[in-house]
Every structure is written in structure tokens, then in C-alpha cells.
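Next come a sequence and a model predicted from it.
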Amino acid sequence: MARPARGFVKRLVILLGALSGLLLVVVVARTLLVDEGAPAAFERIAVPVDTAAAVRNLSKAITFRTVSTQEAVPDTNAFLSIHRFLAETYPRTHVALTRETVSALSLLYSWEGSDAALRPAIFMSHLDVVPAGDDEDLASWTHPPFEGAVDAGHVWGRGALDDKIGVIAILEAVELLVRRGFRPRRTIHLVFGHDEEVGGPNGAAKIAEVLASRRPDGPAFVIDEGGVVAEGVVADVSHPVALIGVAEKGYLSLRLTSAAEGGHSSAPPATTAIGRLSRAITRLEADPFPARLDGPTEAMFRRIGPNGPLLYRVAAANMWLFRPLVKRMMLKEAATASMVRTTTAPTMLQAGVKENALPGTAAAVVNFRIMPGETTRSVEDRVRRVVADTLVDIRPINVYFEPSPVADTDGPAFRILARTLRETTPSSEVIIAPYLVPGATDSRYFSRFTPNVFRFIPVTLRDTDLARIHGVDERVRIEGLAAAVAFFHRLIENVSDADF
């Protein structure tokens, strides 16, 4: 009886060895055949950007304190002042295009095309900025945040990256095109909201309603902020990577409130309001949303992977086998982990007024950035299941919205973006990849009209630059500003005649 058993084991070992060898052959073959994304040969288009003027105008735009906060009413004078500045600085644009104010502080420009049958294109940015920080933050700035200093090859100040650079780069491009006598074939709208930093409910949202009332079929193409050219940000990839946002995560903030009997701290109950709330938050952080590698993030890795080290190339060519490994790898860093799961971030706490008094209530705000495929409702339902405490009240606050649809990365609109970048970038080595934007942009208000909604500005950022967005020492490199002007100039030309 022993011999048949030994024979079976031997045959099994031979079979497993053969299968392993076959698997290795398949993996190697797919790796060798994978497309490394070599750029098509596009002719470089020289755009006569007046870099000095662009620098001067961005510097001045930064000096207007167009700050948005959830609590404060915006400074109307600051927004009206920047409106006047733009009219004075771009006179040709203000003759060739019509300009309207929406909700008193947002701007809508319309450049009528020669073919009314074509659906319009929308170029977006926003006028408002986040606060520069508290006194300690202000003391840490190299240059005052609203001075618009030009130093060490950069323009410094709040809005240099987010997102007055977009306003200035677009208007510089339009002014140059008008001066050349260019007229678009399709209508071009410029949308500059005043409240993007607080969700855009009275800016871009209202402008979307205005445009929909005039043309119900909506725009054919939309571009807003979101992605950038990342240099040295993607680990082990030496080439710059142009991350074109093809979708953005949804947004939800939940207020968790726990109530308990107050009193003197010398005789606390078994569970205090703070203790119950803390337990709820601990449960949420200990049980994060499931991770998944699909959609824009998988497409991004497939584009970047072939240009990385051998492990990246093998994994990108064989996602059917290495998907769990890639997902685990992305979960190791906060920036990449946010691309594969809905994130959970406790951001605000409120409880107590005195050290020896028990608070009657304790409250926390937890912010969620929601992956495509999930909804605000599914997130709230899961939070309730994980907290599992009916004595913790859970309800949404402020503005909340669903994840955006995902743009087609194989369609003509994405190809035009890639072509425009190739035509205007000085680097032939840039990798162009789709990207899931973890934050929110005003472009989501136009997603119901067209699948061609993209989020990108061709400013090169290194890993040390990312913390400057909404942080201390926000700045942009001068060559980045010039690149943005050239890109928008050429993109308007390309989109004007595009077939979509």
C-alpha cells in the first residue's frame, strides 16, 4: 500500500513543479511584453509666454485676502478688489469675453465659439484661499503669506499653488490668444468660484445651474485643479509623473455626540461622556474601511509600474497575480493608502469647560473621503455598525457629496490632455497617468453633464512641496507658472477643435 502513495506524491510534486514553471513563464512573458508607455512623437509647440508678467500678476493676486472659512462671512471687499484687478490686468480678455458675477463674488467668463452646435468647454479655478494659520504658523512663514514675495525662483504666498495660479495661468493664456486674434470654434467658459475651500455651494454650484439653464446638454469638457506633475514623489520612479485626476473622492463629515450625567469629577460614573466618545473613535480607527485596488488607482499603477524597478514592472504586468501585494504595499504610506480605501480622520473634539467638572456632552467630528463605488449613506451605515453604541448620536454636518464618476482614460478627451502636455512640456520623460484625487474640487458640479471632467495643472511638485498646500510657505516655482500658462494656451487651441 505504501508504493501507490509514494507514486502519487511523486506525480503531485512533478505536477506542481510544472505548474510553477508554467506560471513563471507566463509572468516573465507578460512582463517582457508590457508597454512601458513610451510617449508618442509630438512636435513641441513654442508658446510665447511673458513669464515676467505672469509672475508679477500672480504676485499681486496673492495680496488680495480672499480667505474662506466655514465660520466667517467672506471679505466682500477683497473679492471685489481682485475682480477689478483682473479687469485692469487683462483688458483684451474683458473685451473679447463677457464677464458675469454669480452670487456677487464668483466670476463666469464666456468666449463665444464660431460653431454653436458644439458643446462648450469649461476651464476652472478658484479665487478663495484657506487661512494662513494661527500666530505660530504665521511666524513660521519665510515670507508673509499675503505679500506675494518673489524670491529664490519662486512666487510665495497663500494661493500660489491653491489656486490663484490657475486663475492667473488661464487668464494669461486667454489674453495671449486674444491678442493673436484667435477665436475658438467651441464656446469656452472660465469659471472662477469664490467659495471652493468651503465646498463651493454658492460659487461653482450656482454657475453650473446658470449654464445648465442656458444649455441643458452641458459642457463637453471640463478641467480644474487636482493633479500635478510629481517629481520624486512616487517611490523608486525616477521620471516625473503627470497625475491627471480622472475622479475625486466623496466627502462626508459626521458629528459623534455622547451624553452623560455631569457633576463633580470626584465621583465619576463608570462611563463618562468623554470615555464613551473616545471608545467610539477608537473603534473607528481600529476598523478602517476595506482596501481595494481598482478603478483610477489600478490604472495609475499600470501606467507607472512599467517605468519603475523590476518588482513594479512584474506587478503591473501581472495584476491578476500580484494585486494583493500591490495593495499591501500602497497601504504602508498614508498618501498611497488614501488611494485604495475610504479614509477615516477624526478632526475636531469638544468637551468640558473645567478640569474638575464632568461634561454633560462630548462631541467629535470625523471626516471621511469616500472611494468611488461607495456612498455617503453606505459610509454612515458602516460607521453606525462599527461604533455599535446607540448612546452615541451620529449625524452628518456641513456640505457632503458623493464620489464623482470616473472619466474615460481611453477616450479622445484624455488623449487631448496627454497630447497637450507632450506638446508643451520640456521633458520627454514625463509619465502620464490617471489619478484619483483624494480632495474635493469645484469640478464635481459639472460631472452630471459629461464624463470628460479632469483635474490637473502642470506644476511640478517634489515631495517637500506637498505639505505647503494649505500649509506654511506655500509657493510655486516660476518655471511651473510659465509651464501652466503654455499648457492652458495650447489646451484651449486643442479643445476648441476637438471631436467630442
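Structure received. Because the structure is a prediction, the values reported are computed rather than measured.

hey, where'd the strands end up in the stretch 301-450 of the chain?
343-351, 357-358, 361-370, 392-401, 431-437 (DSSP state E, counting those that start in this stretch).

number of nearby residues for residue 334?
Using other Cβ atoms under 10 Å, the number of residues around residue 334 comes to 8. Bear in mind the C-beta positions are built from the backbone N, C-alpha and C, glycine included.

Can you lay out the strands of the stretch 301-450 of the chain as JSON lines showing mean neighbour count, distance to residue 222 and mean pLDDT?
Converted to JSON lines, these look like this (neighbours: other Cβ atoms under 10 Å; distance: least, Cβ to Cβ, whole Å; pLDDT from 0 to 100):
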{"stretch": "strand 343-351", "mean neighbour count": "15", "distance to residue 222": "25", "mean pLDDT": "95"}
{"stretch": "strand 357-358", "mean neighbour count": "16", "distance to residue 222": "52", "mean pLDDT": "92"}
{"stretch": "strand 361-370", "mean neighbour count": "20", "distance to residue 222": "21", "mean pLDDT": "97"}
{"stretch": "strand 392-401", "mean neighbour count": "15", "distance to residue 222": "16", "mean pLDDT": "91"}
{"stretch": "strand 431-437", "mean neighbour count": "25", "distance to residue 222": "13", "mean pLDDT": "95"}
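
Make CSV out of the ones you listed and add distance to residue 85.
Listed next are these as CSV, based on distance: least, Cβ to Cβ, whole Å:
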stretch, distance to residue 85
strand 343-351, 34
strand 357-358, 52
strand 361-370, 34
strand 392-401, 29
strand 431-437, 29
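
Please name whichever of those is nearest to residue 298.
Evaluated over the strands of the stretch 301-450 of the chain, closeness to residue 298 peaks at strand 431-437, with 9.4 Å, by Cβ to Cβ.

hang on, isn't residue 387 packed against residue 256?
Yes - assessed by Cβ atoms under 8 Å, residue 387 is found in contact with residue 256 at 7.3 Å.

what residues are shared contacts of these two?
Common contacts of residue 387 and residue 256, defined by Cβ atoms under 8 Å, 6 or more residues apart in numbering, comprise 280, 394.

Among the strands of the stretch 301-450 of the chain, which comes closest to residue 77?
Of those, nearest to residue 77 by Cβ to Cβ is strand 392-401, at 25.2 Å.

thinking again about what came up before, of the strands of the stretch 301-450 of the chain, give the one that comes closest to residue 227.
strand 431-437 (4.7 Å).

Name every strand pairing with that closest one and say which way it goes.
strand 241-248 (parallel) (DSSP bridges).

what's the angle between the partner strand and strand 361-370?
Between strand 241-248 and strand 361-370, the angle comes out at 120 degrees (axes from the mean of the first three to the mean of the last three Cα atoms, to 10 degrees).

and strand 241-248, how far out from the chain's middle?
Distance of strand 241-248 from the chain centroid (Cα atoms, centre = their mean, to the nearest Å) equals 7 Å.

got it, and stretch 308-326?
Worked out by Cα atoms, centre = their mean, stretch 308-326 lies 25 Å from the chain centre.

What is the end-to-end distance of it?
13 Å (Cα to Cα, to the nearest Å).

Now do the same contact list for residue 391.
By Cβ under 8 Å, 6+ apart, the neighbours of residue 391 are 258, 259, 276.

and residue 250, how many neighbours does it have?
Neighbour count for residue 250, taken as other Cβ under 10 Å: 21.

OK, contacts around the nearest residue in space to it that is not next to it in sequence?
Sequence neighbours aside, residue 370 is the residue nearest to residue 250 in space, at 3.3 Å (criterion: Cβ to Cβ, 6 or more residues apart in numbering). Counting by Cβ under 8 Å, 6+ apart, residue 370 makes contact with 249, 250, 251, 252, 342, 376, 379, 402, 403.

How about residue 245: what's its closest non-neighbour residue?
Nearest residue to residue 245 in three dimensions, chain neighbours excluded: residue 455, at 3.0 Å (Cβ to Cβ, 6+ apart).

Where do the strands of the stretch 1-150 of the chain begin and end?
98-102, 106-111, 121-126, 150-151.

Find the one among these with the highest mean neighbour count.
Highest mean neighbour count of the strands of the stretch 1-150 of the chain: strand 121-126, a mean of 27 (counted as mean count of other Cβ atoms under 10 Å).

Relative to that one, what are the paired strands and their orientations?
strand 188-193 (parallel), strand 221-230 (parallel).

can you give me the mean pLDDT across the shortest one?
Going back to what we said before, that points to strand 188-193. Mean pLDDT, strand 188-193: 98.

likewise stretch 483-491?
97.

re the thing from before, for residue 388, see how far away the residue nearest to residue 250 is.
Going from residue 370 to residue 388 by Cβ to Cβ, to the nearest Å gives 21 Å.

go on, residue 381?
12 Å.

Residue 91 too?
63 Å.

ok, now residue 228?
41 Å.

In terms of packing, which of the two has more residues around it?
Taking neighbours as other Cβ under 10 Å, residue 228 and residue 388 compare with residue 228 leading, 26 against 10.

ok, and what's touching stretch 295-309?
34-37, 234, 236-237, 239, 241, 243, 246-247, 293, 312-313, 315-317, 319, 323, 326, 330, 339-340, 372-373, 406, 409, 431-436.

Please spell out the PyMOL selection for the buried subset of these.
In PyMOL syntax, the buried subset of the contacts of stretch 295-309 is picked out as below (16 or more other Cβ atoms under 10 Å):
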select buried, resi 34+37+234+237+239+241+243+246+247+293+312+313+315+316+317+319+323+326+330+339+340+372+406+409+431+432+433+434+435+436
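
among the contacts of stretch 295-309, which are in helices?
Among the contacts of stretch 295-309, the members found in helices (DSSP state H) are 312, 313, 315, 316, 317, 319, 323, 326, 330.

residues contacting the residue nearest to residue 217 when sequence neighbours are not counted?
Using Cβ to Cβ, 6+ apart and skipping the chain neighbours, the partner closest in space to residue 217 is residue 119 (6.0 Å). Taking Cβ under 8 Å, 6+ apart as the criterion, residue 119 is in contact with 186, 215, 217, 218, 219, 220, 450.

Weed out the non-buried ones from these.
For the contacts of residue 119, a burial check counting by 16+ other Cβ under 10 Å picks out 186, 218, 219, 220, 450.

phi, psi of the fourth one?
For residue 220, the backbone dihedrals (degrees, to the nearest 10) come out as phi -90, psi -20.

Do you have the helices of the stretch 1-150 of the chain handy? List them.
Using DSSP state H, counting those that start in this stretch, the helices found in the stretch 1-150 of the chain span residues 2-33, 51-62, 76-89, 91-96, 135-140.

Determine the set of other helices and strands touching the second one.
Think helix 51-62. Helix 51-62 sits against helix 76-89, strand 154-156, helix 164-179, helix 478-496, with contacts defined as 3 or more Cβ pairs under 8 Å, 6 or more residues apart in numbering; DSSP states H and E.

who wins for proximity to residue 123 among these?
Nearest to residue 123, of all the helices and strands packed on helix 51-62, is helix 164-179, at 5.2 Å by Cβ to Cβ.

Which strands or helices does the closest one pack on?
Looks like helix 164-179 contacts helix 51-62, helix 76-89, helix 91-96, strand 121-126, strand 188-193, strand 453-461, helix 478-496 (3+ Cβ pairs under 8 Å, 6+ apart).
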